[in-house]
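Build me a model:
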Amino acid sequence: MKKALFSLEMELRSRKRPVPQPECEGAAPVDGQEGGRKRQRKTEPQGQLQGGGVKGRKNKTTRRRKKVLQKTKAAQSENESPPSKDLSDPCRASLEDLYTKGELLGKGGFGTVYAGIRKSDGMLVAIKYIPKEKCARQLRMPGQEKPLPVEVALMVHLNSEPTCSSILKLIEWFDLPSEYVLVLERPEPCMDLMQYIRSQGNFLSEEVAQHVLMQLLNALNHCQSKGIIHRDIKPSNILIHTKTLQVKLLDFGCGDILKDDPYTYFAGTALYCPPEVFLFRKYLSSPFTVWSVGVTLYRMVCGTIPFWNFMEAICKPLEVPASVSPDLQHLIRWCLTLIPVNRPTIDQIMLHPWLQQCRPKD
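Numbering: from 1, shown residues only. A predicted model of the protein is given here:
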């Protein structure tokens, strides 16, 4: 049998059949790369040519090549128009020419953020620097021509119409040799929600918590409508205007494309992740998000977090202070239900009696 297979293999190798070339224009990407395989360029015969008439054919070939080269250069010059302002492409203008970098605002696992000012109109911005070594994972969202770093891809997609006022706006972004730079809006005066909670005596009133939570849920609904999961909902990833209490969700570095199947890898902050992540090494998008919302809500009104590790979440009864209203106690316990399928959806939370008391602030 082996001898027969060997003979067949040798026979196939000896047959020099032309290999069909794949059509690549409009083809789907291969292994996550843009455009699939490259079309192989047809080459001229490389053997020695002898006899009369070869020179004429060679000159014709040379002339054809020159014409093709001239057309290619002309097409390239037409395409070299001013840089596109579309957020799906990195801006080619100089970052230093457009913005003045100010003081350090914060530093995290995915990058460093500085205050900034746009030179053309004095607009306040935040400038986030993300080292390329931290951008190994890339995504290509609908409407994007090529894969982009996760946070860039998700922010660009979220800032396409229709947009949401409860998500931090991406103004533009830059692809530099060693890092990506995101230029984001910077409301003033503002701070992250954790800082704000601490400034208010380490917890918020239920009225303020209602207002904050409703805006957060609007942001998460928008993410869902755009096919995105944030995966790192926590107070430090929520920006709040200290006068108007307007809220904006930020930092999509842990995000991903929304899917119905379970996720099998960890992303986010352990204290805000549900126990199934650690028990089963897999989780569904909606129960994962709702648990994080529940922990955030608990932190706002109770002055601490409900559990310090996943074993506590499994074994320790959830304690909610008696000062918390019955409706809010019910909502917190519902969000922090141990069994994932028993947790509410975002829409169900928005219709909860405790949030129905909420009235929009001017």
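
gap between the closest residue to residue 99 other than its chain neighbours and residue 128?
Leaving aside its sequence neighbours, residue 99 sits nearest to residue 116 (C-beta to C-beta, 6 or more residues apart in numbering; 4.8 Å). For glycine as for every other residue, the C-beta is placed from the backbone atoms N, C-alpha and C. According to C-beta to C-beta, to the nearest Å, residue 116 and residue 128 sit 10 Å apart.

Give me the buried positions along stretch 180-197.
180-187, 190-194, 196-197 (16 or more other C-beta atoms under 10 Å).

still on that earlier bit, out of residue 116 and residue 128, which sits in the busier spot?
More crowded of residue 116 and residue 128, by other C-beta atoms under 10 Å: residue 128, with 27 against 23.

Quick check, pLDDT for the more buried one.
On pLDDT, residue 128 comes in at 96.

before we move on, what about residue 315?
pLDDT, residue 315: 96.

ok so, going back, helices - which of the buried residues of stretch 180-197 land there?
Using DSSP state H, the members of the buried residues of stretch 180-197 that fall in helices are 193-194, 196-197.

now these in a markdown table, with distance to residue 236?
Listed next are those as a markdown table, based on distance: C-beta to C-beta, whole Å:
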| residue | distance to residue 236 |
| --- | --- |
| 193 | 7 |
| 194 | 5 |
| 196 | 10 |
| 197 | 10 |
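
ok, so of these, who is nearest residue 272?
Closest approach between these and residue 272, by C-beta to C-beta: residue 194, at 11.5 Å.

so who does the closest one touch?
For residue 194, the contact set (C-beta atoms under 8 Å, 6 or more residues apart in numbering) comprises 234-236, 299.

where's residue 265 relative to residue 282, distance?
Distance from residue 265 to residue 282, by C-beta to C-beta: 9 Å.

So the residue nearest to residue 99: helix, strand or coil?
Following DSSP: H, G, I helix; E, B strand; the rest coil, the label given to residue 116 is strand.

Tell me how many other residues surround residue 305.
Neighbours of residue 305 (other C-beta under 10 Å): 15.

any idea how far it is from residue 259?
28 Å.

what helices or strands is the strand or helix carrying residue 210 leaning on?
Here residue 210, judged by DSSP states H and E, is contained in helix 206-225. Applying 3 or more C-beta pairs under 8 Å, 6 or more residues apart in numbering; DSSP states H and E, we find helix 206-225 packed against strand 238-241, strand 247-249, helix 285-302, helix 346-350, helix 353-356.

Between all of the ones in helices among the buried residues of stretch 180-197, which two are at the greatest distance?
Checking those with C-beta to C-beta, the most distant pair is 194 and 196, at 7.2 Å.

picking that back up, now the helix holding residue 210 and helix 285-302, what's the angle there?
Using axes from the mean of the first three to the mean of the last three C-alpha atoms, to 10 degrees, the direction of helix 206-225 lies 160 degrees away from that of helix 285-302.

how about the CA coordinates for helix 206-225, as PDB?
This file holds the C-alpha atoms of helix 206-225, laid out as PDB (Å, rounded to 0.1, in the frame of the first residue of the first chain):
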ATOM      1  CA  GLU A 206     -29.700  57.200  44.900                       C
ATOM      2  CA  GLU A 207     -30.800  60.200  42.800                       C
ATOM      3  CA  VAL A 208     -27.400  60.800  41.400                       C
ATOM      4  CA  ALA A 209     -26.800  57.000  41.000                       C
ATOM      5  CA  GLN A 210     -30.000  56.800  39.000                       C
ATOM      6  CA  HIS A 211     -28.800  59.600  36.700                       C
ATOM      7  CA  VAL A 212     -25.400  58.000  36.200                       C
ATOM      8  CA  LEU A 213     -26.700  54.500  35.600                       C
ATOM      9  CA  MET A 214     -29.300  55.500  33.000                       C
ATOM     10  CA  GLN A 215     -26.600  57.200  30.900                       C
ATOM     11  CA  LEU A 216     -24.300  54.100  31.300                       C
ATOM     12  CA  LEU A 217     -27.100  51.900  30.100                       C
ATOM     13  CA  ASN A 218     -27.700  54.100  27.100                       C
ATOM     14  CA  ALA A 219     -24.000  53.800  26.200                       C
ATOM     15  CA  LEU A 220     -24.200  50.000  26.600                       C
ATOM     16  CA  ASN A 221     -27.300  49.800  24.400                       C
ATOM     17  CA  HIS A 222     -25.500  51.800  21.800                       C
ATOM     18  CA  CYS A 223     -22.500  49.500  21.900                       C
ATOM     19  CA  GLN A 224     -24.900  46.500  21.500                       C
ATOM     20  CA  SER A 225     -26.600  48.100  18.500                       C
END
